[in-house]
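Q: heads up, no residue letters with this:
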C-alpha cells in the first residue's frame with residue numbers, strides 16, 4: 001500500500017518558504033530556539049512547558065521574546081540562541097533537501113522531525129499528530145506481506161523511530177519500530193537484541209512484542225508491538241506538580257503516582273528475574289495506557305547479565321549532541337538526567353540490577369520533586385557537550401528530593417535517597433524490596449530507610465492504635481501525646497455535633513415556615529369558597545328587593561347550616577361569618593362560631609346577638625380588594641375583640657363580596673383560625689430536643705415557647721424575645737430584615753409574611769441552640 005497523502009495546508013498558513021534560500025519562517029526559528037534551549041539546559045523542560053502554555057506557535061510573538069518577557073531568559077542568552085539557530089536550521093534544509101516551495105504545515109512538521117527526532121518539542125507544543133514525513137522517512141507498509149500500514153510517526157530516538165500503524169491482518173492499531181541506521185551493523189544488531197530481549201519478558205507492565213521482521217523492499221528491520229497511546233508517566237508527573245503549585249494538595253494524586261511506581265518496580269523485578277536490566281529508566285520510558293496501566297517501554301539499551309556483550313562499547317554517532325533524552329557517545333549509554341554514577345563513569349562491567357534500582361529511585365525522585373535528579377547538576381555545570389555533566393554525576397553525592405521540594409515526606413525522601421545511593425551496595429538490592437518500602441509507607445507503617453525519632457514513632461503508633469493508646473500509655477510522652485490527640489478529637493467531635501445540631505435547627509425553622517405558609521394558603525382558599533355560596537346571592541337579592549320566592553330567613557338558615565358543617569369538618573377554625581359593609585362599619589348577617597372552652601360545641605349566633613365591627617382601617621383595606629382577593633390579618637390575645645372570642649392568636653381571612661347586579665361592594669366573608677393553637681400542635685408533633693423555639697408577632701412579643709426542659713407552652717404574659725436575646729432588637733426593628741444567624745451564639749431567626757400585602761401579618765420564628 002502506498003504512503004499517506006501529504007497533509008492539505010491550513011487556510012491560516014498562506015505563507016510559503018524556500019528552504020534552500022536560508023529565509024526561515026518564524027515557526028522554524030521558534031522550533032530551533034526551543035531545541036537549543038533543551039540541548040543547552042538553559043531552562044528545564046517543565047519551565048519551557050509552562051511558558052509554551054501561554055504562547056502560540058503561529059502567533060506574531062517570537063518564542064525568545066516571550067521567554068524574555070517572562071523572565072526565563074536574559075538578553076545575553078537570548079542573543080546566543082538567535083545566533084545559533086540559523087546554523088541548526090541550515091542542517092535541516094540540507095537534510096530534507098527542500099528546493100522548492102512547501103506548505104507551512106509541512107515545513108513545521110519537517111523541522112520538528114529533523115531538529116527534535118525524540119518528539120519532546122512537538123509534545124510540549126501540543127503538536128501530537130505531526131505526520132513526521134521527513135525526507136529520510138519512508139512511509140508506506142512494512143513486512144513481506146504488507147501487513148502493517150504506517151499512519152504517522154510517533155517519535156524517534158537514537159536507535160529507531162516509532163510509527164503508529166494498522167495491522168491489516170488483525171484489524172487493530174499497533175506501534176511499529178524500525179532501525180534508523182540500517183546500514184550500520186552495530187545498530188542493526190542492537191535493534192534485534194532489543195526486540196528479542198523485550199519479547200522474552202512476558203509481564204503486564206512490559207510492552208509486548210507482536211512481530212519481528214524485515215521489509216522486503218528495503219531489508220530494513222522492524223518489529224510490531226502494542227500501541228499504548230500518547231501519555232507517559234512524565235506527563236502525569238508534570239500535571240501533578242502543576243496542580244500542587246496551584247494549591248491542589250489532594251493526597252490521592254501522590255498516592256496514585258506511587259501506586260504506578262510500585263507497578264513499575266514489579267515489572268523491572270520481573271525483568272531482573274530473567275537476568276535483564278533496562279539501563280535507561282526514566283518517566284518518559286513509562287507509558288500509561290487507556291486503562292491506567294503503566295507499561296515500561298524502550299528496551300533499546302537493555303542488557304542481559306552474564307551474557308557476552310559486544311555492543312555495549314558502541315553507540316550510534318548519529319546523536320552527537322547532548323540533551324535530556326540523549327544516548328551518550330562512546331561507552332556511556334542512557335539518559336544523563338537519570339543516570340547512575342557507575343553508568344556515567346562508563347564502568348560497564350559494574351552495571352547490574354542495582355543500576356536499575358538507581359533508575360527507579362530517579363523516577364521516584366521525579367515524582368517527589370517534579371524534575372530529574374541531575375537537572376540541577378546540569379544547570380550548575382552549564383554543560384554544552386555533556387562531559388562536565390557526566391563528570392559531576394560520577395563524582396558528586398547523589399541529590400536528595402527534599403532539597404528540591406521541602407514538602408516531601410521525610411520517609412519518602414529517605415526511600416528515594418537509599419535507592420539512589422552513590423555506592424551500589426548501599427542501595428536496595430532488589431526492585432521488589434524497593435516496592436515493599438513504598439507500599440509500607442502507603443500503609444502508614446515504618447520504613448527501613450528512615451529512622452524515626454521517638455516522638456514520630458509514638459505519634460504513628462497512636463494513630464494506628466487509638467483505642468489502646470487511650471487505655472494505657474507506654475511512656476510519659478505517649479500519655480501526653482495521647483491526651484493531646486484526645487483533646488483535639490473531642491473538640492472536633494464537639495464541633496461536628498454542634499454543626500449537626502445547628503443544621504437540624506435550620507430544618508426545624510424551615511418546617512415551621514412551611515406549616516405557617518400552608519395554614520395561610522388553606523384559609524385563603526376556604527374563605528374564597530365561603531364567599532361564593534348560593535345562599536349569599538339569595539340574601540343579597542332579597543335585600544335588593546329583587547323578586548325571590550325565598551325569604552331572607554330561609555337563606556340565612558341555609559347559609560348557617562353550611563357554615564356549621566364546615567366548622568365541624570375543620571376543627572382548627574373558630575368562626576365563619578357573612579358581613580354587610582356600609583358607612584365604615586361591618587354588621588354580621590350570618591355568624592357561626594366555636595366555643596373556645598368546648599371546641600366540640602358549635603353555635604349559630606342569633607340575629608339579636610349579631611355583632612357590628614368598627615375597624616375603619618381594616619374595612620378601608622377590604623374595600624380596595626377586587627373580587628377573589630383575600631386580606632389576612634392577625635389579631636393578638638391582648639387585643640379587645642368585638643365578639644366574645646377573647647383567647648388565642650387569631651389569623652383572620654377576609655374576602656369582599658360584590659352585588660352581581662350592580663357591581664357594588666356589598667359585604668365580606670370572614671374566617672378566623674386559632675393560629676397560636678396551630679403552632680402549638682405542630683411543635684408538639686415535632687418533639688425536638690435540640691433548640692429553644694419561640695414564635696412571636698412582628699414586634700417580638702412571644703406567643704409560644706418550646707424548650708427541651710418544659711416542652712411546648714403558650715405564653716400568657718406579654719414578654720418580648722428581645723428581653724432574652726437583646727441582639728435581636730435591630731432584627732425586629734428593621735422591617736426589611738428577613739433572616740438572622742449567629743453561629744457563635746447558636747441563634748437563628750426569620751420573619752415570615754403570611755400576607756405579602758399586609759405587613760401586620762408578620763410572624764417571627766427564633767431558635768436558640770441548647771448546649
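A: Sure thing, it's come through. The model shown is predicted, which means the values in this text are computed figures rather than measured ones.
Q: output the below-cut-off pLDDT ranges for the stretch 151-300 of the chain.
A: Residues of the stretch 151-300 of the chain meeting the criterion pLDDT under 70: 158, 182-183.
Q: brain fart, the stretch 351-500 of the chain
A: Low-confidence segments of the stretch 351-500 of the chain (pLDDT under 70): 381-386, 457-466, 468-475.
Q: the same query, at a cut-off of 50, please.
A: Applying pLDDT under 50 to the stretch 351-500 of the chain picks out residues 384.
Q: with the stretch 501-650 of the chain instead?
A: Within the stretch 501-650 of the chain, the segments meeting pLDDT under 50 span 637-646.
Q: for it, which segments count as strands?
A: Using DSSP state E, counting those that start in this stretch, the strands of the stretch 501-650 of the chain run over 573-582, 585-594, 602-604, 612-613, 631-635, 650-658.
Q: what about the residue nearest to the spatial centre of the chain, which SS state?
A: Centre of the chain computed as the mean C-alpha position; nearest residue by C-alpha atoms, centre = their mean is residue 248, 9.5 Å away. Under DSSP: H, G, I helix; E, B strand; the rest coil, the three-state class of residue 248 is coil.
Q: just put the strands of the stretch 501-650 of the chain in TSV and tack on distance to residue 49 and mean neighbour count.
A: For every residue, glycine as well, the C-beta is placed using N, CA and C. Listed next are the strands of the stretch 501-650 of the chain as TSV, based on distance: least, C-beta to C-beta, whole Å; neighbours: other C-beta atoms under 10 Å:
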stretch	distance to residue 49	mean neighbour count
strand 573-582	75	22
strand 585-594	81	21
strand 602-604	85	15
strand 612-613	83	14
strand 631-635	67	20
strand 650-658	69	23
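Q: sorry, back to before: how about the residue nearest to the centre of the chain, phi and psi?
A: Per-residue torsions, residue 248: phi -90, psi 100 (degrees, to the nearest 10).
Q: distance-wise, check it relative to residue 242.
A: Per C-beta to C-beta, to the nearest Å, residue 248 is found 9 Å from residue 242.
Q: also residue 124?
A: Counting by C-beta to C-beta, the separation of residue 124 from residue 242 is 13 Å.
Q: same question for residue 700.
A: From residue 700 to residue 242 the distance is 56 Å (C-beta to C-beta).
Q: likewise for residue 230?
A: For residue 230 relative to residue 242 (C-beta to C-beta), the value is 18 Å.
Q: repeat that for residue 261.
A: 19 Å.
Q: what's the answer for residue 225, then?
A: Distance from residue 225 to residue 242, counting by C-beta to C-beta: 30 Å.
Q: ok, residue 281 next?
A: 23 Å.
Q: contact partners of stretch 42-54?
A: Contacts to stretch 42-54, defined as C-beta atoms under 8 Å, 6 or more residues apart in numbering, come from residues 34, 36-38, 66-67, 70, 72-73, 77, 81, 120, 124-126, 238, 241-242, 324, 370-371, 375, 379.
Q: let's see it at 6 Å
A: 67, 70, 72, 77, 124, 125, 371, 375 (C-beta atoms under 6 Å, 6 or more residues apart in numbering).
Q: check which residues of stretch 436-446 are buried.
A: Using 16 or more other C-beta atoms under 10 Å as the test for burial, stretch 436-446 gives 436, 437, 438, 439, 440, 441.
Q: quick one, strands of the stretch 1-150 of the chain?
A: Remark: strands assigned in the stretch 1-150 of the chain by DSSP E, counting those that start in this stretch are 16-18, 101-103, 141-142, 148-156.
Q: who has more neighbours, residue 261 and residue 242?
A: The neighbour count for residue 261 versus residue 242, taken as other C-beta atoms under 10 Å, is higher for residue 261 (23 against 15).
Q: on that earlier part again, taking the contacts of stretch 42-54, please make a PyMOL selection of just the buried ones.
A: Command for PyMOL that selects the buried part of these, burial taken from 16+ other C-beta under 10 Å:
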select buried, resi 67+72+77+124+125+371+375
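Q: of the contacts of stretch 42-54, closest to residue 397?
A: Nearest to residue 397 out of the contacts of stretch 42-54 is residue 375 (C-beta to C-beta; 15.6 Å).
Q: check contacts around the closest one.
A: The contact partners of residue 375, taken as C-beta under 6 Å, 6+ apart, are 44, 337.
Q: just read off the phi/psi values of it.
A: phi -70, psi -40.
Q: looking at the buried residues of stretch 436-446, which are in helices?
A: In helices, defined here by DSSP state H, the members of the buried residues of stretch 436-446 are 436, 437, 438, 439, 440, 441.
Q: and which of those residues is nearest residue 108?
A: Lowest distance from residue 108 to those (C-beta to C-beta) belongs to residue 438, with 42.0 Å.
Q: got the residue ranges for the strands in the stretch 151-300 of the chain?
A: With DSSP E, counting those that start in this stretch as the criterion, the stretch 151-300 of the chain has strands spanning 160-167, 172-179, 209-214, 221-226, 276-277, 286-288, 294-296.
Q: count of neighbours near residue 254?
A: 18.
Q: over to residue 572?
A: Residues lying near residue 572 (other C-beta under 10 Å) number 17.
Q: contact partners for it?
A: If a contact means C-beta under 6 Å, 6+ apart, then residue 572 has 673, 678 as its contacts.
Q: quick check: residue 372 touching residue 335?
A: No - assessed by C-beta atoms under 6 Å, residue 372 is found out of contact with residue 335, at 8.1 Å.
Q: setting aside sequence neighbours, what's the nearest residue to residue 616?
A: residue 584 (5.2 Å; C-beta to C-beta, 6 or more residues apart in numbering).
Q: same thing with residue 769?
A: Nearest non-adjacent residue to residue 769 (C-beta to C-beta, 6+ apart): residue 746, at 3.1 Å.
Q: do the same with residue 372
A: Using C-beta to C-beta, 6+ apart, the closest residue to residue 372 is residue 337 (3.4 Å).
Q: picking up where we left off before, from the buried residues of stretch 436-446, pick the one nearest residue 734.
A: Lowest distance from residue 734 to those (C-beta to C-beta) belongs to residue 441, with 58.0 Å.
Q: just checking, the closest one touches residue 448?
A: No - judged on C-beta under 6 Å, residue 441 makes no contact with residue 448 at a distance of 10.5 Å.
Q: overlap in contacts, those two.
A: Joint contacts of residue 441 and residue 448 (C-beta under 6 Å, 6+ apart) do not exist.
Q: burial check on the residue nearest to residue 616, number of neighbours?
A: Residues lying near residue 584 (other C-beta under 10 Å) number 11.
Q: quick check: phi and psi at it.
A: Taking degrees, to the nearest 10 as the convention, residue 584 sits at phi 80, psi 10.
Q: likewise for residue 345?
A: When quoted as degrees, to the nearest 10, the phi and psi of residue 345 stand at phi -80, psi -10.
Q: burial count for it?
A: Neighbour count for residue 345, taken as other C-beta under 10 Å: 17.
Q: need the pLDDT of it.
A: With respect to pLDDT, residue 345 scores 87.
Q: wait, it sits on residue 393?
A: No - assessed by C-beta under 6 Å, residue 345 is found out of contact with residue 393, at 8.2 Å.
Q: count the neighbours of the spatially closest residue to residue 301 that is not a sequence neighbour for me.
A: Leaving aside its sequence neighbours, residue 301 sits nearest to residue 333 (C-beta to C-beta, 6+ apart; 4.5 Å). By other C-beta under 10 Å, 25 other residues sit near residue 333.
Q: tell me the secondary structure at residue 333.
A: Quick answer, by three-state DSSP: residue 333 is coil.
Q: hmm, residue 302 and it touching each other?
A: No - in this structure, residue 333 is not within contact of residue 302 by C-beta under 6 Å, at 10.1 Å.
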